[in-house]
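*Asks:* missing the sequence, but the structure's below:
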């Protein structure tokens, strides 16, 4: 092979690789910003990167295939498409999760539900200002109520209403980088082990709250943050997590058992994706949810699972296997993701309130070492 031919091939490969990376990064910025925040300078830059990536892919593929016969071009095109898809499925979501746009706080407040509340603020251990609402306790117990990725405290107002009307104090913080809280959003919730304990400290200082009767209720990303915080903060007595599936590569260890070869490929892609995430965020990577419930045992965890989302069932089973004695699962057959309250409101109230009450009534026990 001549040096000229080798240079031609190397140039084509470089254009393809750079194009795939640029396309994936651009899509990771442009798509979530466009769908959540609309047109902005960030959306425009992401879109330009996406288009530049497509152009580089076209140039690189043409460079590699132009001197081949038609039957030789097919494997080249297929290889480029497969490689681009792998990069897009790993790098794209990693960029999207670590450059997420700020979710705006809705106009809805507890006043619209007839509830008294306070606008509150507190700081994390890293001195990041977090803001939220606090609904005072009338029974001495309180919970931190955590929303999911891409939303704010207003998204869990219905859950707060149910809990507060049962006497619980409820702190509804905006997650870091969401709503009115400072910091950079991270849609995998890796700041939970830092920020949730700060919320617990806020509750423990309240005169209306017994510091030994504090729990955490979370939905989706918030549920995963709740489980992680339980493992690192012994002051948290109980956790209710709805729609928790996973936020690290280790959380997906069940993929091959359920989906076979396809699950193995997906597990590999997710491993690469989380490798990118580690390099794109300053947030410390948390332990897997399975390891977290094991570390927090015997403190109880209730996993609420959407019956219409099969992966939630598999994930809940995997998480529970870490500590079968302390983790309970409730499958709401007709519910969509985080939709249990909407389809089974009375049962949600009874199950969650009784679970919290039972945990708060138990003597304080320390986690297993």
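*Replies:* Cool, the structure landed. If you're wondering where the values come from, they're calculated on a predicted model, not measured in any experiment.
*Asks:* Contacts only, for the closest residue in space to residue 242 that isn't next to it in sequence.
*Replies:* Computed as Cβ to Cβ, 6 or more residues apart in numbering, the closest residue to residue 242 that is not its neighbour in sequence is residue 304, at 3.8 Å. From N, CA and C alone the C-beta is placed, and that goes for glycine too. Residue 304 makes contact with 240, 241, 242, 243, 330, 332, 340, 348, 352, according to Cβ atoms under 8 Å, 6 or more residues apart in numbering.
*Asks:* 6 Å instead?
*Replies:* Contacts for residue 304 (Cβ atoms under 6 Å, 6 or more residues apart in numbering) come out as 242, 330, 340.
*Asks:* Which secondary structure state does it sit in?
*Replies:* strand (DSSP: H, G, I helix; E, B strand; the rest coil).
*Asks:* between the contacts of residue 304, which is closest to residue 173?
*Replies:* Ranked by distance to residue 173 (Cβ to Cβ), those are led by residue 242 at 17.1 Å.
*Asks:* Bridged to the closest one, which residues?
*Replies:* Here residue 242 sits in beta bridges with residue 219, residue 304, going by DSSP bridges.
*Asks:* these two touch, right, it and residue 221?
*Replies:* No - contact criterion Cβ atoms under 6 Å: residue 242 and residue 221 do not qualify, at 11.0 Å.
*Asks:* Please list only the buried members of the contacts of residue 304.
*Replies:* 242, 330, 340 (16 or more other Cβ atoms under 10 Å).
*Asks:* A strand includes the second one, no?
*Replies:* Yep, that's residue 330 we're talking about. Yes - when three-state DSSP is applied, residue 330 is found to be in a strand.
*Asks:* With adjacent residues omitted, what lies nearest to residue 217?
*Replies:* residue 240 (4.5 Å).
*Asks:* on that earlier part again, adding distance to residue 139 and pLDDT, write the buried ones among the contacts of residue 304 out as TSV.
*Replies:* Output for the buried ones among the contacts of residue 304, formatted as TSV (distance: Cβ to Cβ, whole Å; pLDDT from 0 to 100):
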residue	distance to residue 139	pLDDT
242	22	98
330	23	98
340	23	97
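*Asks:* Closest one of the residues you listed to residue 7?
*Replies:* Using Cβ to Cβ, these come closest to residue 7 at residue 242, 56.6 Å.
*Asks:* Tell me the buried residues in the biggest helix by length in the chain?
*Replies:* Taking DSSP state H as the criterion, the chain has its longest helix at helix 3-37. For helix 3-37, burial by neighbour count (16+ other Cβ under 10 Å) applies to 8, 12, 15-34.
*Asks:* Who are the packing partners of it?
*Replies:* Applying 3 or more Cβ pairs under 6 Å, 6 or more residues apart in numbering; DSSP states H and E, one finds that helix 3-37 makes contact with helix 41-65, helix 70-98.
*Asks:* Can you convert those into TSV and add a column each for mean neighbour count?
*Replies:* Listed next are those as TSV, based on neighbours: other Cβ atoms under 10 Å:
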stretch	mean neighbour count
helix 41-65	18
helix 70-98	17
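*Asks:* so which of those gets nearest residue 141?
*Replies:* Among those, helix 70-98 sits nearest to residue 141 (Cβ to Cβ), with 33.4 Å.
*Asks:* Give the next helix or strand downstream of that closest one.
*Replies:* Later in the chain than helix 70-98, the nearest helix or strand by DSSP states H and E is strand 118-123.
*Asks:* so how many other residues sit close to residue 211?
*Replies:* 14 (other Cβ atoms under 10 Å).
*Asks:* show me the contacts for it.
*Replies:* residue 204.
*Asks:* same thing but at 10 Å, please
*Replies:* 140, 142, 200, 201, 203, 204, 205, 235 (Cβ atoms under 10 Å, 6 or more residues apart in numbering).
*Asks:* can you check residue 162 too?
*Replies:* 113, 168, 170, 341, 345, 346, 348, 349, 352, 353.
*Asks:* Next: residue 242.
*Replies:* 148, 156, 159, 217-220, 222-223, 226, 302-306, 312, 330, 332, 335, 337-341, 348, 352 are the contacts of residue 242 under Cβ under 10 Å, 6+ apart.
*Asks:* ok, of the buried ones among the contacts of residue 304, which one's closest to residue 295?
*Replies:* residue 242 (21.0 Å).
*Asks:* Distance-wise, check that closest one relative to residue 341.
*Replies:* Computed as Cβ to Cβ, to the nearest Å, the residue 242 to residue 341 distance reads 8 Å.
*Asks:* what sits against the closest residue to residue 172 other than its chain neighbours?
*Replies:* Distances taken as Cβ to Cβ, 6+ apart place residue 153 nearest to residue 172, at 3.9 Å, with adjacent residues excluded. The neighbours of residue 153, taking Cβ under 10 Å, 6+ apart as the test, are 105-106, 108-110, 131-133, 145-147, 160, 170-175, 178-181.
*Asks:* domains of this structure?
*Replies:* For the chain, automatic domain parsing gives the domain ranges 3-98, 110-249+288-361.
*Asks:* Give the burial count for the closest residue to residue 306 other than its chain neighbours, as a bare number.
*Replies:* Excluding the flanking residues, the one nearest residue 306 by Cβ to Cβ, 6+ apart is residue 335, at 4.5 Å. By the criterion of other Cβ under 10 Å, residue 335 has 23 neighbours.
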